[in-house]
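> here you go, sequence then predicted model.
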Amino acid sequence: MNVEEPRGIGKTSPEVHYPHKCVAFLIDLVIVINMIYNGLPMKAHELLTSPDKWCKESPAEDLQGHKLQAQDPRGVKWCALGAIQKAYPCPQWGQAMDCVLRALSVSELGLAQMNNSDKACSIMEWNDDRQSSFAEIRGTLLAVDI
């Protein structure tokens, strides 16, 4: 089995684009299984690979569009915060949210005045804003390598 170098917050991975959705799905599945098997961390942007895997007004959704918690194994769609919560262990959520909020121009002073609940609410509001697009959400997560 191919063992990869662990990827965490701030470590880059190459972006690969596949011409067929079926091939892309199978590749995504193999990557996730490999990460789970080897205990390697996943990144939030690896969950949000297409608009079909992104949602608003809920941490996650199942195939029928029912709202779920981020870590629910039935989840097939996630919001930005839900993707962070799914991809990272709870002790790393604050660090991951800080990276995203810095990319959204929140100052260090502003971050210092926020608790994790405030940070989560800010990311949810950004995700759910009518003017926020999938491309913007995923682009920001990719830019900060979360």
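Good, I have the coordinates. Numbers count the residues shown, from 1 in each chain.

> what does the helix or strand that contains Ser117 rub up against?
Using DSSP states H and E, Ser117 sits within helix 116-128. Helix 116-128 is contacted by residues 56-57, 79-81, 84, 93-94, 97-98, 100-101, 104, 106, 111, 114, 132, 137 when judged by Cβ atoms under 8 Å, 6 or more residues apart in numbering. C-beta coordinates here come from the backbone N, C-alpha and C atoms, glycine included.

> any quick PyMOL command for the buried ones out of these?
Burial among the contacts of helix 116-128 is assessed by 16 or more other Cβ atoms under 10 Å; the matching PyMOL selection reads:
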select buried, resi 56+79+80+81+84+93+94+97+98+100+101+106+111+114+137
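
> show me the contacts of helix 116-128 that map onto helices.
Applying DSSP state H to the contacts of helix 116-128, the entries found in helices are Ala80, Leu81, Ile84, Trp93, Gly94, Met97, Asp98, Val100, Leu101, Leu111, Ile137.

> was I right to think the second one contacts Ser58?
No. Checked against Cβ atoms under 8 Å, the pair Leu81 and Ser58 is beyond contact range at 10.1 Å.

> and Gln131, what pLDDT?
Looking at Gln131, its pLDDT is 97.

> any idea how far it is from Gly65?
Taking Cβ to Cβ, to the nearest Å as the measure, Gln131 falls 23 Å from Gly65.

> Ala120 too?
In this view, Ala120 and Gly65 are 22 Å apart by Cβ to Cβ.
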